[in-house]
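S.K.: Just to be clear, the model below is a prediction. Sequence and coordinates:
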Amino acid sequence: MSNLELQQYLFDVQGYLVIENVLNPEELAALNQLIDQQELPTPGKVQRFGSAPDGSGFLDWGKPFCNLLTHQAIMPILRFRLGDCFRLDRIYGMYMRAGMPRGRLHADYGATSPTSGSQPGEYFPFRDNQVTNGFVVVTWVLSDTGPDYGGFCCIPGSHKSNYKLPPQIDQAPEDAPCVIIPNAPAGSVILFTEALTHGTAAWRGKHERRSLLYKYCVSHMVWTSRRVEPPANVELTPRQKILFGDPGDPHRFFPSLFDGFESEHVV
C-alpha cells in the first residue's frame, strides 16, 4: 500500500488526517518569528488572528505563509477530496494560552450542521441539493498539540453520520470517549472535512498554542460572498494564483490546479 493510498483511506474513514514532520525546524521558526513581529494581543477573549476574507489576512505577513497554500504534502489529499478545481475560501490563525476554555463541538455540513433541520435521535436523509463534504480545512500546527495539551478535537467518522450530535456529547464533550484530541507535534498538518464534528479542546499546555487554518472548497461553492484577496507584497506562483479566482464550474469556468502543475511544489 502506498503512503497516499493509506492517507486516502484514513481520511475517508476518519474524516481527518494528521501528517507529521511536514515543516522542518527552520520553516517553523520563520513562521513563528513573523507572527511574533505582529505584536498580537495576549490570547484571551479572542482566539483568532490574521483572518480573511476582507483582505489577505496573515498572507500579507510574508512569503512563508504563502508557501503553504499549495504545499506538496497537502495537494494530493485536497485533490482526493475536492477534485482538480478548488478555491481558497477562508483563512485565520488560532492561538491559546494555558487555562483557556474549550470551544463547542460543531459541523458546518451534514446532519449536525445548524442549517440541516435534523432533530436529535431522528434519522436524517440527505437531499441531492445539500452540501456534505465540499470543504476541507488544512491546519498547520506551529506548536505541539495533543491529548496532553489540548487543541483540535473531533469525533472520528462523524462526517458520515445521518444523526445529529446527541445533547449529552454536545454539553460535555470532555466526558465522551468518542471525542478525541489527536496528537500533532509542531510541524504537523491536520486536514479535515468541515462535515466532521470538531471543535477546540481546553488548552492545558504551558506553551502557547499556534495554528494556521486554510479552508478550501470545490470551485463552484462559497462560504461567504466576500473573497480572500491575494497578498500585495508577495509574488504568488501561477498555481497559487488560481486559488484566489472567483467561483466557477470546474474545468469550464475554473481551471485545474493540476494540469501542467505536477512539477510545481514548495519545499
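M.R.: Happy to help now that I have it.

S.K.: how about the helices in this structure?
M.R.: 3-14, 25-36, 63-66, 75-82, 167-171, 238-242 (DSSP state H).

S.K.: Just give me how far the fifth one sits from the chain centre.
M.R.: Relative to its parent chain, helix 167-171 has a centroid offset of 24 Å by C-alpha atoms, centre = their mean, to the nearest Å.

S.K.: Would you mind listing the buried residues in that helix?
M.R.: For helix 167-171, burial by neighbour count (16 or more other C-beta atoms under 10 Å) applies to 169-170. (Glycine included, C-beta is placed from N, CA and C.)

S.K.: Skip the chain neighbours and tell me the closest residue to residue 31.
M.R.: residue 64 (5.2 Å; C-beta to C-beta, 6 or more residues apart in numbering).

S.K.: Which residues are in contact with that neighbour?
M.R.: Contact analysis of residue 64 by C-beta atoms under 8 Å, 6 or more residues apart in numbering lists 27, 30-31, 34.

S.K.: Between those, which sits nearest residue 233?
M.R.: When the contacts of residue 64 are ranked by distance to residue 233 (C-beta to C-beta), residue 34 comes first, at 12.6 Å.

S.K.: Surely that closest one touches residue 60?
M.R.: No. At 10.4 Å, residue 34 and residue 60 do not qualify as touching, with contact defined as C-beta atoms under 8 Å.

S.K.: For the residue nearest to residue 182 when sequence neighbours are not counted, grab the count of nearby residues.
M.R.: Of all residues not flanking residue 182 in the chain, residue 18 sits nearest, at 5.3 Å (C-beta to C-beta, 6+ apart). For residue 18, the number of neighbouring residues by other C-beta atoms under 10 Å comes to 22.

S.K.: Would you mind confirming that residue 18 makes contact with residue 188?
M.R.: Yes. Judged on C-beta under 8 Å, residue 18 makes contact with residue 188 at a distance of 5.8 Å.

S.K.: quick revisit: can you give me every residue that contacts the residue nearest to residue 182?
M.R.: By C-beta under 8 Å, 6+ apart, the neighbours of residue 18 are 182-184, 188-190.

S.K.: still on that earlier bit, okay, the helices of the chain, which one's buried deepest?
M.R.: Ranked by mean neighbour count, these are led by helix 63-66 with a mean of 20 (mean count of other C-beta atoms under 10 Å).

S.K.: With only the CA atoms kept, save that one in CSV.
M.R.: Extracted as CSV, the C-alpha positions of helix 63-66 are listed here (Å, rounded to 0.1, in the frame of the first residue of the first chain):
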residue,chain,number,x,y,z
LYS,A,63,6.2,34.5,1.8
PRO,A,64,6.4,31.6,4.3
PHE,A,65,2.6,31.8,4.8
CYS,A,66,2.0,31.8,1.1
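
S.K.: starting at the chain centroid, how far to it?
M.R.: 17 Å.

S.K.: could you give the mean pLDDT of it?
M.R.: Helix 63-66 carries an average pLDDT of 98.

S.K.: residue ranges with poor pLDDT in the stretch 151-267 of the chain?
M.R.: Within the stretch 151-267 of the chain, the segments meeting pLDDT under 70 span 262-267.

S.K.: residues in contact with stretch 99-107?
M.R.: If you take C-beta under 8 Å, 6+ apart as the criterion, stretch 99-107 is touched by 43-44, 47, 112-114, 150, 153, 155, 158-159, 165, 169-170, 173-174, 179, 194-203.
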